[in-house]
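Student: Quick one: sequence plus predicted model below, questions after.
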Amino acid sequence: MKLTKKCLFSGLTTLFIFTIAWGANDTTTIDATQYLASNTLPNIKALENKINVTFSIECDTLLEDVNRNKLNFLKRRRVPEDGDIYPTSIVTLLENESVFDLLLRLSRGNEFELGYSNLLFSDATHIESIGNFEKSDAGRRSGWIYRVNGIFPNYSCTEYKLSDGDVVEWLYTCDYGRDLNNGNRVYQ
């Protein structure tokens, strides 16, 4: 009986080694969707739980002559012709990302600069600059504000957790948001 188990174990080991050696020389490629569909359940769940948002950064208010003329000469030349610093794109979120987390991640992966400051005694973050444009570049009432699904939240971008399908816009205002919010001031 011991000999049979030993032979069986030896035979399975040889078969296992042969299978690995044979598989290592196999150059067949497989489509990623086929692989994920045939692989384990956690990989399929990862695909199902993908969360996407629409994201953009715009400075359209600086295209208006009255606002553009407030900029210094060098910044005036850097205003994009279409007003887009980051064109509208579909972005996949990481787990539990806030509006700020997403902005920070995209700034590191793309070619726009981000300046921010953390408010004292608070978890809130204030956006100082995006791209070439800083707060107060177009007057003391100018700066960056964000809008999600057409609404300007009245709290910090670090506190706003995103959900699937959200539309996130970072906008440059020249009048505390009144120029973007039907004459109503935006508090963020």
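Tutor: Yep, it's here.

Student: in this structure, which strand has the most residues?
Tutor: Using DSSP state E to assign secondary structure, the strand with the most residues in the chain is strand 84-92.

Student: Could you look up the next helix or strand downstream of that one?
Tutor: Scanning forward in sequence from strand 84-92 by DSSP states H and E, the next helix or strand is helix 99-109.

Student: Show the average pLDDT along that following helix.
Tutor: Regarding helix 99-109, the rounded mean pLDDT is 95.

Student: Same check on stretch 68-79?
Tutor: 95.

Student: what's the spacing between that stretch and its chain's center?
Tutor: Taking Cα atoms, centre = their mean, to the nearest Å, one finds the center of stretch 68-79 at 28 Å from the center of the full chain.

Student: Can you give me the first-to-last residue distance of that stretch?
Tutor: 8 Å (Cα to Cα, to the nearest Å).

Student: Which parts of it count as buried, going by neighbours?
Tutor: Neighbour-count burial for stretch 68-79, with 16 or more other Cβ atoms under 10 Å as criterion, is recorded at Arg68, Lys70, Leu71, Lys75, Val79. For every residue, glycine as well, the C-beta is placed using N, CA and C.

Student: give the contact list for Val167.
Tutor: With contact set as Cβ atoms under 8 Å, 6 or more residues apart in numbering, Val167 has these partners: Val53, Thr54, Val148, Asn149, Gly150.

Student: which non-adjacent residue is nearest the fourth one?
Tutor: Using Cβ to Cβ, 6 or more residues apart in numbering and skipping residues adjacent in sequence, the residue nearest Asn149 is Val167, 5.4 Å away.

Student: And that neighbour, its phi and psi?
Tutor: According to degrees, to the nearest 10, the main-chain angles of Val167 amount to phi -110, psi 110.

Student: Check Arg76 too.
Tutor: According to degrees, to the nearest 10, Arg76 has phi -60, psi -40.

Student: Please state the offset of stretch 151-165 from the chain centre?
Tutor: For stretch 151-165, the distance to the chain centre is 13 Å (Cα atoms, centre = their mean).

Student: From start to finish, how long is it in a straight line?
Tutor: Note: stretch 151-165 ends 14 Å apart using Cα to Cα.

Student: follow-up on the earlier one: report the buried members of the contacts of Val167.
Tutor: Val53, Val148.

Student: in this protein, which spans are strands?
Tutor: Under DSSP E, the chain gives strands at 52-58, 84-92, 114-118, 125-130, 133-134, 143-148, 167-173.

Student: contacting residues around the closest residue to Tyr155 other than its chain neighbours?
Tutor: Take Tyr155 and drop its neighbours on the chain: the residue closest to it by Cβ to Cβ, 6+ apart is Gln188, 7.0 Å away. Contacts for Gln188 were tallied using Cβ under 8 Å, 6+ apart; they are Ile145, Tyr146, Phe152, Pro153, Asn154, Tyr155, Ser156, Cys157, Gly177.
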